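Asker: Sharing a sequence plus its predicted fold:
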Amino acid sequence: MSSLERTNPGALAPPSGFSHAVSVTATDGRLVFLAGQTALDRTGTIVGETLVEQFETALGNLVAALAATGGGPAHLARVTVYATDVADYRAHAAELGRVWKRLAGRDYPAMALIGTVRLWDESALVELDGIAMVPDGRVE
């Protein structure tokens, strides 16, 4: 048996047409599907001028949505990164890696980078979504 729970933490901008996180409860844990997160602040405004600045906020938002479901970065199984400028992403890969390690730890989930012309928030340079497996009763 499984159930679905949508989580929209107050620390994030109110969602419009999506949930920040969706949890699926299974016998020994829950799959959590994390909606795409950009560099939106709590008021729904994109913050940060550079890809690295926006990546930091977007990753922080992804981790916050996951935390609201009882999970932590160690539970991330998959993250997809959508970037409007893949060359810029590659040029700043080392900085992005440092941001990841500071916010999410040294372990990386399965990841993909997808280049895109633009994102829903037109001033967004990067968006991250993910899937996590959160064991019952455990937050790391």
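Answerer: Happy to help now that I have it. Numbers count the residues shown, from 1 in each chain.

Asker: Next, the contact list for the spatially closest residue to residue 116 that is not a sequence neighbour, please.
Answerer: Computed as C-beta to C-beta, 6 or more residues apart in numbering, the closest residue to residue 116 that is not its neighbour in sequence is residue 82, at 5.0 Å. C-beta: built from backbone N, CA, C; applies to glycine. By C-beta atoms under 8 Å, 6 or more residues apart in numbering, the contact set of residue 82 is 36, 113-116, 119, 126-129.

Asker: so which strand or helix has residue 82?
Answerer: If you go by DSSP states H and E, residue 82 is part of strand 76-83.

Asker: And the longest helix anywhere in the chain, what's buried?
Answerer: Longest among the helix segments of the chain by residue count, using DSSP state H, is helix 51-67. For helix 51-67, the neighbour count (16 or more other C-beta atoms under 10 Å) marks 51-63, 65-67 as buried.

Asker: Go through the contacts of residue 82 and name the one nearest residue 97.
Answerer: If you rank those by distance to residue 97 using C-beta to C-beta, residue 113 comes first, at 12.7 Å.

Asker: so that closest one bridges to which residues?
Answerer: residue 81 (DSSP bridges).

Asker: Tell me who's in contact with it.
Answerer: 80-83, 86, 89.

Asker: Could I get those in CSV, plus columns for distance to residue 109 and pLDDT?
Answerer: Listed next are the contacts of residue 113 as CSV, based on distance: C-beta to C-beta, whole Å; pLDDT from 0 to 100:
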residue, distance to residue 109, pLDDT
80, 10, 96
81, 11, 97
82, 15, 98
83, 17, 98
86, 20, 98
89, 17, 96
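
Asker: could you flag which of those are buried?
Answerer: Applying 16+ other C-beta under 10 Å to the contacts of residue 113 flags 80-83, 89 as buried.
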